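Peer 1: fold the following for me, if possible:
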Amino acid sequence: MQKQKREKKQEQEGEETMSHFYAMMSRMKYIERWALMRNSESENICEHSLEVSMLAHALAVIGNRRLGKNYDPEHAAVIGIFHDSNEIITGDMPTPVKYYSKEMQELFHDIEDRAAKSLLELLPEDLRPDYEGLFFRKPGEEELWKIVKAADKISALIKCVEEGKAGNREFDSAKKSIEESIRNMKVPEADIFVQEFLPSYYLTLDEISVKY
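Peer 2: Okay, here's the model as predicted:
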């Protein structure tokens, strides 16, 4: 009887110290993007987030080296990793639905915030302050978050380019719309990337490979 009580107590203590946060993060790989589009190759938010992370880092470096900015490229990269993690709960809402109206957009932003908060609450309380700035923008970081958003759009543009190369015209209209939205953001780091680095995405592996 005493042994059963000890085992039950140990089990309860184990549940109290258990955190599901990272197990939930691992679910990013199961959330598919571009749900309403016919894809030649599927893309999940884990893959997308890695690309956004690299692109956000690149834009921060470009800003620092060429535009006299003082970004933290590593912080930008980590924000990029987590920027779509709330979609573990919400799923990837198709753009025509999400932006159907101002009311729909505001409602969905609220849902995204609630999802982010619920994910943060999965962390032990002492770790949450280190992650809050990856889910929610801190004062003074407006420019940094803007380049992460630009990186998100560039990643979507790259997806459109890749689908076009595969002969899939499903993304033609989205490509034009995303190109325009990047221009309208007026983020010079993004403009530099699109001009200098995006053309390579249209090339084949042989064309971009280093010759030894």
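Peer 1: can you count the residues close to A58?
Peer 2: Here the neighbour count serves as a burial measure; for A58 (other Cβ atoms under 10 Å) it reads 21. C-beta coordinates here come from the backbone N, C-alpha and C atoms, glycine included.
Peer 1: nearest spatial neighbour of it, skipping sequence neighbours?
Peer 2: Once its chain neighbours are removed from consideration, A58 has its nearest residue in F193; the separation is 6.4 Å (Cβ to Cβ, 6 or more residues apart in numbering).
Peer 1: my read: that neighbour touches I154, true?
Peer 2: Yes - F193 lies in contact with I154 (Cβ atoms under 8 Å); the separation is 6.2 Å.
Peer 1: who has more neighbours out of these two?
Peer 2: In this view F193 and I154 are compared by other Cβ under 10 Å, and I154 has more residues nearby, 27 against 21.
Peer 1: pull the contacting residues for the residue nearest to A58.
Peer 2: By Cβ atoms under 8 Å, 6 or more residues apart in numbering, the residues touching F193 are 55, 58-59, 62, 154.
Peer 1: what comes up buried for stretch 140-155?
Peer 2: Within stretch 140-155, the residues scored as buried using 16 or more other Cβ atoms under 10 Å are 141, 144-155.
Peer 1: could I get these as TSV with distance to K186 and secondary structure?
Peer 2: Supplementary listing: those in TSV, determined by distance: Cβ to Cβ, whole Å; DSSP: H, G, I helix; E, B strand; the rest coil:
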residue	distance to K186	secondary structure
E141	18	coil
L144	16	helix
W145	15	helix
K146	10	helix
I147	12	helix
V148	16	helix
K149	12	helix
A150	10	helix
A151	15	helix
D152	16	helix
K153	13	helix
I154	14	helix
S155	19	helix
